[in-house]
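Visitor: fold the following for me, if possible:
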Amino acid sequence: MGQRMSAFEHYERGLVLKQVKIFHTALEEFQQAATDPQHAGKAHVQMGLCLRSTGRYKEAVVAFRQALESATFSPKERLHLLYLLGQTLESLGRYAETLEAYRWIRREDPGFLDVARRVKHLTSGGLGPVPRSRPPEQSFVEDMLSLGQQLRSRVVPLLGQAWKSIGRYAGTLKAYGWVSTKSTSIRDMKLSSKQRGSPLTTDRSLLVRKKMDKRRDIRVAIRLRSQFSSKNRMVAGEGELRDLSPGGCRVTSPVAVPVGVELECCIFPQDEAHPFTIERATVRWSRALEFGLAFTKVRPGVQRQISQLCTQRIPVG
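Guide: Predicted coordinates:
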């Protein structure tokens, strides 16, 4: 049995996984790191950033509040953390709590970033976004991670260990072009990420879509609200259901969903009075802002409702 990893090593692995946007596995690493009081504060900050990146803003608020309970931050770092919390609350439309966070920052440092303008904007009834002068991730988070930057030489061997624990996400990595079948090095991942918009990558995406279009059932154009979650709740969110057929659908959502994950999917008809639930739907393909589902377990009554929806709509050409 291998030697047990330290909280610092879990934290470093989480940073590497977060860098390559494997947010769900990064969350697991940060959760392990948070069991050590010395690393709990910054681990909760990183958990909040991962949750925000996957559209789980309510959970991100909880993580940032837990980070604020840590006594390991300097007064300046706490202000940056409060700013992150305020921005996340603002995204949720929780403006009273947002003002509380921003006003606390203004009392401590009246000239902090654009807090004065944000407070003025919200108190005057404005609910739209306020441009910020400097992203907090480039100040607080980078400063907070200075220890990790100084010890960057330890990241490479840690990454080698990390790849052993994320084999179940290999399909997702290939689908997004993060790794090739020949190499899984940091350099290759960076190159693949930069080439994501290249003609070669675009052609590959088109091939995937053409392959997915060879379905048994005719798809119909539809736009309905949907909610989805995996059994362990590691993947959850809302989206817009499109291209529906009796056997599957396409969902647009800001939440990143790995290929192969099994979801429970709740569909809200246009009146939203009587939603119905697909017990099991498997993610067949996934890319930025959308993914495809194949219905693998549907109750007969729900199947009839889906068929009725399909007969009332225009087929997708």
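
Visitor: which stretches of the stretch 201-317 of the chain form strands?
Guide: Here the stretch 201-317 of the chain has its strands, by DSSP state E, counting those that start in this stretch, at 224-230, 236-245, 248-252, 262-268, 276-287, 290-297.

Visitor: next, the angle from the third one to strand 224-230.
Guide: Taking axes from the mean of the first three to the mean of the last three Cα atoms, to 10 degrees, strand 248-252 and strand 224-230 form an angle of 100 degrees between their directions.

Visitor: looking at this structure, which helix or strand is least sure?
Guide: helix 186-194 (a mean of 42; mean pLDDT, DSSP states H and E).

Visitor: now do residue 53 against residue 5, distance only.
Guide: 24 Å (Cβ to Cβ, to the nearest Å). The C-beta positions use only the backbone N, C-alpha and C, and glycine is treated the same way.

Visitor: same check, this time on residue 247
Guide: Separation of residue 247 from residue 5 (Cβ to Cβ) stands at 43 Å.

Visitor: next up, the contacts around residue 251.
Guide: For residue 251, the contact set (Cβ atoms under 8 Å, 6 or more residues apart in numbering) comprises 226, 228, 239, 240, 241, 242, 265, 290, 291, 292, 293.

Visitor: sort those residues by pLDDT and name the bottom one.
Guide: Ranked by pLDDT, the contacts of residue 251 bottom out at residue 242 (84).

Visitor: ok, residue 47 touching residue 34?
Guide: Yes - using Cβ atoms under 8 Å, residue 47 makes contact with residue 34 at a distance of 7.2 Å.

Visitor: when those two are compared, which one has more neighbours?
Guide: Between residue 47 and residue 34, counted using other Cβ atoms under 10 Å, the more crowded position is residue 47 (28 against 24).

Visitor: which strand or helix spans that one?
Guide: For residue 47, the element it lies in under DSSP states H and E is helix 37-53.

Visitor: how about residue 85?
Guide: Assigned by DSSP H and E, residue 85 belongs to helix 75-91.

Visitor: relative to helix 37-53, how tilted is that helix?
Guide: Using the same axes, to 10 degrees: helix 75-91 against helix 37-53 is 30 degrees.

Visitor: for helix 75-91, packing partners?
Guide: If contacts are counted by 3 or more Cβ pairs under 8 Å, 6 or more residues apart in numbering; DSSP states H and E, helix 75-91 sits against helix 37-53, helix 57-68, helix 95-108, helix 115-123, helix 140-144.

Visitor: buried deepest among the strands of the stretch 201-317 of the chain, which one?
Guide: Across those, averaging neighbours per residue (mean count of other Cβ atoms under 10 Å) puts strand 248-252 on top, at a mean of 22.

Visitor: any low-confidence regions in the protein?
Guide: Counting by pLDDT under 70, the chain has low-confidence residues at 1-3, 126-217, 233, 271-273, 313-317.

Visitor: just give me the neighbour total for residue 270.
Guide: With neighbours defined by other Cβ under 10 Å, the count for residue 270 comes to 10.

Visitor: so what's it up against?
Guide: Here residue 270 is in contact with residue 224 (Cβ under 8 Å, 6+ apart).

Visitor: any idea which of the helices and strands packed on helix 75-91 is most buried?
Guide: By mean count of other Cβ under 10 Å, the helices and strands packed on helix 75-91 have helix 37-53 as the most buried, with a mean of 22.

Visitor: quick one: it to helix 57-68, angle?
Guide: Using the same axes, to 10 degrees: helix 37-53 against helix 57-68 is 160 degrees.

Visitor: picking that back up, list the contacts of the helix holding residue 47.
Guide: 7-8, 11, 14-15, 18, 21, 23, 26-27, 30-31, 33-34, 57, 59-61, 63-64, 66-67, 70-73, 81, 84, 88, 137, 141, 144-145, 256.

Visitor: try it again at 6 Å.
Guide: 7, 11, 18, 23, 26-27, 30, 33-34, 59-60, 63-64, 66-67, 70, 72-73, 144 (Cβ atoms under 6 Å, 6 or more residues apart in numbering).

Visitor: before we move on, back to that, and the helix holding residue 85, what's buried?
Guide: Using 16 or more other Cβ atoms under 10 Å as the test for burial, helix 75-91 gives 77-90.

Visitor: C-alpha coordinates for it, PDB please?
Guide: Presented in PDB, the C-alpha positions along helix 75-91 are these (Å, rounded to 0.1, in the frame of the first residue of the first chain):
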ATOM      1  CA  PRO A  75      -6.600  41.300   6.400                       C
ATOM      2  CA  LYS A  76      -6.000  42.100   2.700                       C
ATOM      3  CA  GLU A  77      -6.600  38.500   1.700                       C
ATOM      4  CA  ARG A  78      -9.900  38.500   3.600                       C
ATOM      5  CA  LEU A  79     -11.000  41.600   1.600                       C
ATOM      6  CA  HIS A  80     -10.300  39.800  -1.700                       C
ATOM      7  CA  LEU A  81     -12.200  36.700  -0.400                       C
ATOM      8  CA  LEU A  82     -15.200  38.900   0.600                       C
ATOM      9  CA  TYR A  83     -15.100  40.400  -2.900                       C
ATOM     10  CA  LEU A  84     -15.300  36.900  -4.400                       C
ATOM     11  CA  LEU A  85     -18.200  36.100  -2.100                       C
ATOM     12  CA  GLY A  86     -20.000  39.400  -3.100                       C
ATOM     13  CA  GLN A  87     -19.600  38.700  -6.800                       C
ATOM     14  CA  THR A  88     -21.000  35.200  -6.400                       C
ATOM     15  CA  LEU A  89     -24.000  36.400  -4.400                       C
ATOM     16  CA  GLU A  90     -24.600  39.100  -7.000                       C
ATOM     17  CA  SER A  91     -24.700  36.400  -9.700                       C
END
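
Visitor: perfect, I'm done here.
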